[in-house]
Every structure is written in C-alpha cells, then in structure tokens.
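**Student:** return atomic coordinates for the entry below.
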Amino acid sequence: MKTNEFIFLDGGMGTMLQAAGLPVGMMPELWNLTAPEKVTAVHRQYVEAGSQIVYTNTFGANRLKLGEKAGVDEVVSAAVRAAKAATAGTNARVALDVGPLGQLLEPLGTLTFEEAYDIFREIVAAGEKAGADLVVIETESDLYEVKAAVLAAKEHTDLPVWVTMTFEATGRTFLGVSVGAMALTLDGLGVDALGFNCSLGPKQLMPMVEELRRWTDLPLILKPNAGLPDPETGA
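**Tutor:** Purely as a prediction, here's the structure:
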C-alpha cells in the first residue's frame, strides 16, 4: 500500500436492509438465507458508490446469537456469496464482518476465553472457506474479546485481519480501553490494520485518530457514525 493511499469502505448494513423491508425484530443475518438478492443489492449499491471493500452481512453470525435459527457455516457462506455476487467483475474485495459476541468474558461475565475463541474460530473458518478476502473484527469494546477473535483468525485462516473498536467521547471504550492500550495490544497481536468504528461521528473521532497515529505505524481505519436519529422526527 502506498503512503497516504485511501481505501474506501462501505456504510451501514442494518439500516439499508430495514429500508429494503427487513421485518422488525428479524436478525439481518437470516436474510442471507431467505432474501440473498436483497443483501446483494445493498452491497452492489455500495460498490457502485465507490466502496472498494464491502463487509458481509455477518455482524451477529455467531452461534450464541443465531441459536437454533440457523447454522453459522450456512449463514456465513450465504453472506459471502451474496457479497461476491455484488463485487463480481469489479476490483472490490469482500471482508468477513465479525462483531462482538454479545456476552461479557470472565471475570466481568460468564463466557470463558476458550469458549469465545472457539466461537470466533467457527466464524472465521467458515468465512475463509466461503472465499472472503479478509477478516474485519469490529465494534469491540473489550480487548480480551478482541484477543480471542484475532488469535482465532490468525491461527485458523491465512486472511489479513483488521480490527476496529468503538470509543466513547471520554476517549475510552465502554469497558475502559484507551487508544494507546488498543494500539499496543493489537500491534503485538500482529493485526494488519486497526482503528475505530461506530459510536461517534468523524469530527469527534479525529483527535483519537491523531493519537492512534502516535502509537502505531499500521494502516488506520476510520468508519464513524453518520449521525444519530432525531428523537422527534426519527430522521
């Protein structure tokens, strides 16, 4: 990658699927199985808008969240196919989107590190088998959970691994992780790029980006919120 080269990512998936008719309360990831053409249509809109990397519709595609609704392998495979259909004939790449598990790890919660590692292993192995080009672990607030995800990806795939964590206006994640701690930990784990996503807008995140650059020479990722809905109008 050339110095100062920019790579443009996609935008939100859930809001786009809702606009396309996703039923209220339905897991977006299940549409990979029941309405893959609508998932592909969202990816295609982002590719046509200039996105060079699209994230698969797999943010919550782990066995804890899916439960008995569907298997991880079938959901992840369908998601990668839907994204590949949108990027076919272009230079855009497909990132396997891996979100937080939704449960806290010990000692704050009841999920063990080994259990978390195995859940992430299942996701990333399915993603590589289906043809994803890289793994993006995103919207994380717990470095211990991130460690489980990164190790699972690096030890069970040959794919590049990106990580973005979500920070509050305080300059720390919900669980208290600082920018410096994130940078040093992820650099030590051997990730290929790191940065921020969600929570705040670009203006609020820029000081954190500048701080992050002081801690690492790795490529930086910035995927901020576009904003929050107006509480009165919902717009």
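
**Student:** give me the residues contacting stretch 81-95.
**Tutor:** For stretch 81-95, contacts defined as CB atoms under 8 Å, 6 or more residues apart in numbering pick out 32, 36, 39-41, 43-44, 46-47, 51-57, 80, 130-136, 162. Yep, even glycine has a C-beta here, placed from its N, CA and C like the rest.

**Student:** okay, Asp133 and Trp31: tell me how far apart.
**Tutor:** With distances taken as CB to CB, to the nearest Å, Asp133 is found 22 Å from Trp31.

**Student:** neighbour count: those two, which is higher?
**Tutor:** More crowded of Asp133 and Trp31, by other CB atoms under 10 Å: Trp31, with 25 against 19.

**Student:** measure the nearest residue to Gln204 once chain neighbours are set aside to Gly102 for me?
**Tutor:** Spatial nearest neighbour of Gln204, excluding adjacent residues (CB to CB, 6 or more residues apart in numbering): Ala169 at 6.2 Å. Separation of Ala169 from Gly102 (CB to CB): 23 Å.

**Student:** quick one: low-confidence parts of the protein?
**Tutor:** Confidence mapping of the chain against pLDDT under 70 gives the ranges 1-4, 227-231, 233-235.

**Student:** number of nearby residues for the residue nearest to Arg63 when sequence neighbours are not counted?
**Tutor:** Nearest residue to Arg63, sequence neighbours excluded (CB to CB, 6+ apart): Val72, at 5.4 Å. Using other CB under 10 Å, Val72 is surrounded by 21 other residues.

**Student:** tell me which element the closest residue to Asp10 other than its chain neighbours falls in.
**Tutor:** Nearest residue to Asp10, sequence neighbours excluded (CB to CB, 6+ apart): Tyr46, at 3.8 Å. Per DSSP states H and E, Tyr46 falls inside helix 36-48.

**Student:** now swap in Ala86 and tell me
**Tutor:** Ala86 is part of helix 72-87 when elements are defined by DSSP H and E.

**Student:** buried sites along that helix?
**Tutor:** For helix 72-87, a neighbour-count test (16 or more other CB atoms under 10 Å) marks 72-73, 75-84, 86-87 as buried.

**Student:** now swap in stretch 150-162 and tell me
**Tutor:** Under the neighbour-count criterion of 16+ other CB under 10 Å, stretch 150-162 has Val150, Leu151, Ala152, Ala153, Lys154, His156, Thr157, Leu159, Pro160, Val161, Trp162 buried.

**Student:** cool, and stretch 215-224?
**Tutor:** Applying 16+ other CB under 10 Å to stretch 215-224 flags Trp215, Thr216, Leu218, Leu220, Ile221, Lys223, Pro224 as buried.

**Student:** against Val163, how distant is the last one?
**Tutor:** The one in question is Pro224. 16 Å.

**Student:** again, but for the second one
**Tutor:** Thr216 sits 11 Å away from Val163, going by CB to CB.

**Student:** which neighbours do these two share?
**Tutor:** Any residue near both Thr216 and Val163 by CB under 8 Å, 6+ apart counts here, and that gives Leu186, Leu194.

**Student:** hmm, back to that, against Phe8, how distant is the residue nearest to Asp10?
**Tutor:** Distance from Tyr46 to Phe8, by CB to CB: 9 Å.

**Student:** who are the contact partners of the residue most central in space within the chain?
**Tutor:** Centroid check for the chain by CA atoms, centre = their mean gives Glu138 as the closest residue, at 3.5 Å. Glu138 makes contact with Tyr55, Phe59, Asp97, Val98, Gly99, Val163, Thr164, Asn197, Cys198, Lys223, according to CB under 8 Å, 6+ apart.
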